[in-house]
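S.K.: Quick check, what structure comes out for this input:
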Amino acid sequence: MPEGSHRAVFLDRDGTIVDDPPPGFLHEPGKVRLLPGAADAIRRLNQAGWRVVVATNQSGIGRGLYDAAAYHAVQQRLTELLAAHGAHLDAAYFCPHFPDTDGPCDCRKPGVKLFRDAQDALGIDLRRSYWVGDRLSDVAPARALGADTTRGILVATGHGGRHRAQAEALGMPVVPDLAAAVERIVRGK
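M.R.: Have a look, this model is predicted:
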């Protein structure tokens, strides 16, 4: 696939931008809560000229716990909350599959289909992009797509604490939260 000219930061949603309350499977707009500093971090990326793209696994759809309309309602609420802080997303992609019932797919992270779709739609140069999330599956695509391993940044929010050792063993930075990840990205470290 051809590389574009735009740099992007691919963000996981639940546990990275918004709170992921137990038992998970966020599907009610009224329960969407931005994590501290997340909106300001996204606004900083917007101002610095980065494309900001959400890529999220939503296996609750494949499990029958909610439908795509519920996902879109939560996404709309996130858009509203970010706008209130002067921030925006350039795009959002999701995988609705649950491997136990749907079988394997290319779009479930760490699969790369969502990122390739964004590359094609937004003219993204994947080698110059970053991946930020609270699970190893969120940040592992950096390596699979030819970017330097340090361009996958694990945040300690959400489930990040459980994946810290694995990320560090792969040479991926681990930071406290999205704001710290954005600081690293904007400073080019």
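
S.K.: For the rest of this, base every contact and every neighbour count on C-alpha atoms.
M.R.: Noted.

S.K.: where exactly do the helices run in this structure?
M.R.: For the chain, the helices defined by DSSP state H cover 38-47, 59-62, 68-83, 99-102, 113-122, 136-139, 141-144, 160-169, 178-187.

S.K.: Tell me which of those helices sits most buried.
M.R.: Ranked by mean neighbour count under mean count of other Cα atoms under 10 Å, these are led by helix 136-139, which reaches a mean of 24.

S.K.: could you say what helices and strands that helix packs with?
M.R.: In terms of contacts (3 or more Cα pairs under 8 Å, 6 or more residues apart in numbering; DSSP states H and E), helix 136-139 is packed against strand 130-133, strand 152-155, helix 160-169.

S.K.: Kindly reformat the ones you listed as CSV containing distance to residue 41 and mean pLDDT.
M.R.: Converted to CSV, these look like this (distance: least, Cα to Cα, whole Å; pLDDT from 0 to 100):
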stretch, distance to residue 41, mean pLDDT
strand 130-133, 12, 98
strand 152-155, 13, 97
helix 160-169, 18, 94
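
S.K.: Flag the shaky bits of this protein, pLDDT-wise.
M.R.: 1-3, 189 (pLDDT under 70).

S.K.: For the helices and strands packed on helix 136-139, give me a markdown table that also has distance to residue 142.
M.R.: Compiled in a markdown table, the helices and strands packed on helix 136-139 are given as follows (distance: least, Cα to Cα, whole Å):
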| stretch | distance to residue 142 |
| --- | --- |
| strand 130-133 | 6 |
| strand 152-155 | 5 |
| helix 160-169 | 12 |
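
S.K.: closest one to residue 8 among the ones you listed?
M.R.: With Cα to Cα, the closest approach to residue 8 among the helices and strands packed on helix 136-139 belongs to strand 130-133: 6.4 Å.

S.K.: and residue 67, what does it touch?
M.R.: 60-61 (Cα atoms under 8 Å, 6 or more residues apart in numbering).

S.K.: quick one, what contacts the closest residue in space to residue 156 that isn't next to it in sequence?
M.R.: Spatially, and ignoring its direct neighbours in sequence, residue 156 is nearest to residue 176 (4.9 Å; Cα to Cα, 6 or more residues apart in numbering). Residues in contact with residue 176, defined by Cα under 8 Å, 6+ apart, are 155-157.
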